[in-house]
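>>> Compute the structure for the input listed below.
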Amino acid sequence: MEGLNLFESNILLWIQENLRIDALDSLMLLVSAVNNAGILSILVVTLLLLLRRYRPVGVTAFFSLAIEFLLVNLTIKNVVARVRPYIVNEKLLLLGHVPYDYSFPSGHSGAAFAVAVVPFVCGRDGAIPNKCGVFALAAAFLIALSRLYNAAHYPTDVLVGILIGTVTSILAYKYIYLRWFKRKLGD
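Below you'll find the predicted structure:
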C-alpha cells in the first residue's frame, strides 16, 4: 500500500504544482465544502422528498445515499483505514478543513454520486427532467475533482467513491423505483 500511496500522492503533488491557482482554490474549497458531511446530498434528497411530483425520485435517492453511507463511512473507511495523502507526502498542502476520518473511499464523492445518478437514470423514465440529472452529475463530478484538487483524497479514493455511489444508485433505481414506484403507478 505504501507504494500506491506514494505514487498517488505524487499525482496530487503534480496537481498542486501545476493546476492550483488562487481563483480555483477558492472555488474548489467552496465546491468541496457544500458536501461536507453529505450536506448537499441530504438537501437534494430532502427537496425531492418535499416535492410531491418528485417524491419517488427522492425516496430512491434516499435509499441510495443511506446504503452508500453505511458502506463507505461506517464500514469500508474503518476496515481499510487508509491515511490521508497530505500525511503521507509532507509536500502536499491540504486545502480546507482537516478531515477526521480515513481516506478510502471518498465519502464526498460517494454521497454526491449516490444522489446524482438517481435523477439521471429516473430522467430516462420521465420521472424528472433530464437536465436535472445532467446537472446533478456535473455537480457530482466537480465535487469529486475538488477532493483531488484539495489533496484530501487519493485518486483511487475518489474513483471507488464514485463507483460505490453509482452502484448504490443503480441498485436503488432497480429495487426501489422500478419495482415499487413503477408498479404502483401502473407503468
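>>> quick check: longest helix of this protein.
The helix that spans the most residues within the chain, counting by DSSP state H, is helix 130-149.
>>> average pLDDT for that one?
Helix 130-149 comes out with an average pLDDT of 96.
>>> Contacts for it next, please.
Contacts of helix 130-149 from elsewhere in the structure, counted by CB atoms under 8 Å, 6 or more residues apart in numbering, are 12, 15, 19-20, 24, 28-29, 31-32, 34-35, 40, 44, 95, 106, 108-109, 112-113, 115-117, 119-124, 153, 155, 157-158, 161-162, 165. Where you see a C-beta, it was placed from the backbone N, CA and C, and this is true even at glycine.
>>> separation between residue 21 and residue 58?
Per CB to CB, to the nearest Å, residue 21 is found 38 Å from residue 58.
>>> Skipping its backbone neighbours, what lies nearest residue 95 in space?
Leaving out its chain neighbours, the residue that sits closest to residue 95 by CB to CB, 6 or more residues apart in numbering is residue 150, at 4.0 Å.
>>> What separation do you get for the one you found and residue 66?
Residue 150 sits 26 Å away from residue 66, going by CB to CB.
>>> neighbour count winner among the two?
The neighbour comparison of residue 150 against residue 66 (other CB atoms under 10 Å) goes to residue 150, with 26 against 14.
>>> quick one, helices of the protein?
For the chain, applying DSSP H gives helices covering 2-18, 22-33, 39-50, 55-69, 77-80, 85-88, 107-123, 130-149, 155-172, 183-185.
>>> right, and these - which one's nearest residue 101?
Among those, the nearest to residue 101 by CB to CB is helix 77-80 (5.6 Å).
>>> Low-confidence ranges, the protein, go.
Within the chain, the stretches falling below the threshold (pLDDT under 70) are 182-187.
>>> Residue nearest the middle of the chain, spatially speaking?
When CA atoms, centre = their mean is applied to the chain, the residue found nearest the centroid is residue 109 (2.2 Å).
>>> Would you agree that residue is in contact with residue 156?
No: the criterion here is CB atoms under 8 Å, and residue 109 misses it with residue 156 at 11.1 Å.
>>> before we move on, back to that, quick one, which of the helices of the chain is packed in tightest?
Comparing the helices of the chain by mean neighbour count (mean count of other CB atoms under 10 Å), helix 107-123 ranks first with a mean of 29.
>>> Return the list of helices and strands in contact with that one.
In terms of contacts (3 or more CB pairs under 8 Å, 6 or more residues apart in numbering; DSSP states H and E), helix 107-123 is packed against helix 39-50, helix 55-69, helix 130-149, helix 155-172.
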